[in-house]
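> Next comes the sequence, and after it the predicted model I'd like to discuss.
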Amino acid sequence: MMRLFMMLGSINMFLAVALGAFGAHMLKTKISADMLAVYQTGVQYHMIHAVGLIAIGLAADRLTQNQSLVNASGWAIVIGIILFSGSLYVMSLSGIKVLGAITPFGGVAFLTGWVLFAIAAMK
């Protein structure tokens, strides 16, 4: 799983940088300032958690006694990226504000991932 989370983190960092550049250069005049801010929040959390996935991957070989917690933390972060950042991207581009109801589930997934990782590190 160590390599998988490092790979997923790297792919997600690539996507976050690409989506950030797209937002900065292509969306500035296409969507409202409020929706651009929503989009940028998605990019920010996407980047932070992509780096987090890489860190989880790097730490996985040191936390071998708690591998299931480490794995669960990584998958929770992946789910968080999809639900949190993904919902913000789609909402800002489509204007369908009801999609914002999905975002908190992504936030809970992020929180769960970090708690699980902390527990794995403490044991």
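On my side now, so go ahead.

> next structured bit after the helix or strand hosting N71?
Using DSSP states H and E, N71 maps to helix 67-80. Of the helices and strands lying after helix 67-80 in sequence (DSSP H and E), the nearest is helix 86-94.

> ok, residues contacting that next one?
Here helix 86-94 makes contact (C-beta atoms under 8 Å, 6 or more residues apart in numbering) with 19, 27, 31, 35-36, 38-39, 41-42, 45, 96-97, 99-100, 102-103, 106. Where you see a C-beta, it was placed from the backbone N, CA and C, and this is true even at glycine.

> angle of that helix against helix 67-80?
Angle of helix 86-94 versus helix 67-80, following axes from the mean of the first three to the mean of the last three C-alpha atoms, to 10 degrees, is 10 degrees.

> hmm, back to that, of all the residues in the helix holding N71, which ones are buried?
69-80 (16 or more other C-beta atoms under 10 Å).

> rewinding a little: just the buried residues of the contacts of helix 86-94.
19, 27, 31, 35-36, 38-39, 41-42, 45, 99, 102-103, 106.

> Quick one: distance of the top helix by length along the chain to the chain centre.
Under DSSP state H, the helix in the chain containing the largest number of residues is helix 33-60. Distance, stretch centre to chain centre, for helix 33-60: 5 Å (C-alpha atoms, centre = their mean, to the nearest Å).

> List the buried residues of that helix.
For helix 33-60, by 16+ other C-beta under 10 Å, it's 35-36, 38-43, 45-47, 49-50, 52-57, 59-60.
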